[in-house]
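K.L.:
Have a look; sequence and predicted model below, questions after that.
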Amino acid sequence: MSSAENTMTEKRELSAFEAKNEAQKLAFAPVVFQVVVAMQRLEILDLICKNRKGISLESISDKTGVSLYGVKVLLEMAANADIVKYLDDHTVTVTMLGYFLNSDEMTRVNINFTHDVCYDGFKFLTESIQNGKPEGLKTLGNWPTIYPGLSSLPERVKKSWFEFDHFYSDEAFRDALNIVFQEKPSTIFDIGGNTGKWAFASCEYNPDVKVKILDLPQQIAVAKANAEKRNLTDRISYFEINLLDKSQKIPKGADVVWMSQFLDCFGEDEIVAILENVRQAAAPHTTVFILEPFIDNQKFDAAAYCLTATSLYFTALANGNSKMYSVKAMTGLVERAGLEVVETFPLIGESFHTILKCKVKA
């Protein structure tokens, strides 16, 4: 049973009064979210956190340059949302919720991603569901999917997108490197290599390994520039490929094929086609590693909650047909493609990620 399923079965039924109360909170949830963003970006929340014994509204206004009116309307809503607490009519302190909204890195990354990347596009979620297309993507740019446009997103949006992506992958890399290099690979193919972080980590981990990054031309250009800065041009090579084009084939020659948070960017049939492409390029000794944060393999309910919410980013903005998958679903897709999962490494890193180690079926 998944974390989400466990949560649903364990929660008690709300009373009619409680349910109506929660319904009003949901009706104004976007307002509360924007209050948190405003308090963060105007440095109000941080200031209150630094004055845990209490700080006056006038002092907040003076130190942040925000009008007293602005301070009042933000804090009145924040108090109702249990983000701050009034000590008297003119003095506030932070609650535990407000403290974590201000200081927790996962929360910061999620808020910035939701606000900068997703917020405007989520207005088109209904149309995206109806049409099977990322109708909200037009709020960011004119591309068929978000991936060709990543390198040309506005700077704040790009920063928030990559911080979100890297937060949910980078923390797993240390343990993942130990697992992958048990295979003693000479050549790794990094499919969906993005900015090159895995390739660089591999080169740092092992001084002899060669890495080939396979990705769209726009992403290859970014990875190549980053590799040049690190003097890794002799160890990292590139192969431009659109894996949604079935006529474009992955080259042979990999000891290890690595895919980090890559397959969740595609629908089920697309995943099977990509893995079939991997299979045709694989030698009998080739090992395929799939790193994903699976929704049914999370230690904490909050992680499963964040992942299922991320599925709707794919629906409304990324491509309209992908999602975060379960281990069971991904294993089934692997088998459909003629591969098999030979070993599973669950909850590596800070317990978001699982690695599926795969081989070509005998």
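P.N.:
Received it, and whenever you're ready, just let me know what you need.

K.L.:
C-alpha from now on. contacts and neighbour counts both.
P.N.:
Will do.

K.L.:
which residues in the stretch 201-350 of the chain form strands?
P.N.:
In the stretch 201-350 of the chain, the strands defined using DSSP state E, counting those that start in this stretch lie at 210-215, 236-240, 256-260, 287-292, 339-348.

K.L.:
Of all these, which one is nearest Glu171?
P.N.:
When the strands of the stretch 201-350 of the chain are compared by C-alpha to C-alpha, strand 339-348 sits nearest Glu171, at 8.9 Å.

K.L.:
pLDDT (mean, whole number) over that closest one?
P.N.:
Across strand 339-348, pLDDT averages out at 93.

K.L.:
change the start of the numbering to 36 and stick with it
P.N.:
Okay, residue one is now 36; in that scheme the one you just asked about reads as strand 374-383.

K.L.:
who does that strand touch, helix- and strand-wise?
P.N.:
Here strand 374-383 touches helix 362-371, strand 388-395, going by 3 or more C-alpha pairs under 8 Å, 6 or more residues apart in numbering; DSSP states H and E.

K.L.:
ok, and what's touching that strand?
P.N.:
Contacts to strand 374-383, defined as C-alpha atoms under 8 Å, 6 or more residues apart in numbering, come from residues 207, 210-211, 310, 314, 332-334, 366, 369-370, 388-396.

K.L.:
Just the buried subset of the residues you listed, please.
P.N.:
Those of those that meet the buried threshold are 207, 211, 310, 314, 332-333, 366, 369-370, 388-395, by 16 or more other C-alpha atoms under 10 Å.

K.L.:
between the helices and strands packed on strand 374-383, which one is nearest to Glu303?
P.N.:
Closest to Glu303 of the helices and strands packed on strand 374-383 is helix 362-371 (C-alpha to C-alpha; 7.1 Å).

K.L.:
list the buried ones in that closest one?
P.N.:
For helix 362-371, burial by neighbour count (16+ other C-alpha under 10 Å) applies to Val362, Met365, Thr366, Gly367, Leu368, Val369, Glu370, Arg371.

K.L.:
for that helix, packing partners?
P.N.:
If you count contacts as 3+ C-alpha pairs under 8 Å, 6+ apart, helix 362-371 packs onto helix 303-316, strand 374-383.

K.L.:
Now for Cys393: which residues touch it?
P.N.:
Residues near Cys393 by C-alpha under 8 Å, 6+ apart: Thr322, Val323, Phe324, Ile325, Leu374, Glu375, Val376, Val377, Glu378.

K.L.:
Recalculate using a threshold of 10 Å.
P.N.:
292, 321-325, 366, 369-370, 374-379 (C-alpha atoms under 10 Å, 6 or more residues apart in numbering).

K.L.:
returning to that earlier point: tell me which of the helices and strands packed on helix 362-371 lies nearest to Ala353.
P.N.:
Checking those against Ala353 by C-alpha to C-alpha gives helix 303-316 as the closest, at 14.4 Å.

K.L.:
now the angle between strand 374-383 and the closest one, please.
P.N.:
Relative orientation of helix 303-316 versus strand 374-383 (axes from the mean of the first three to the mean of the last three C-alpha atoms, to 10 degrees): 110 degrees.
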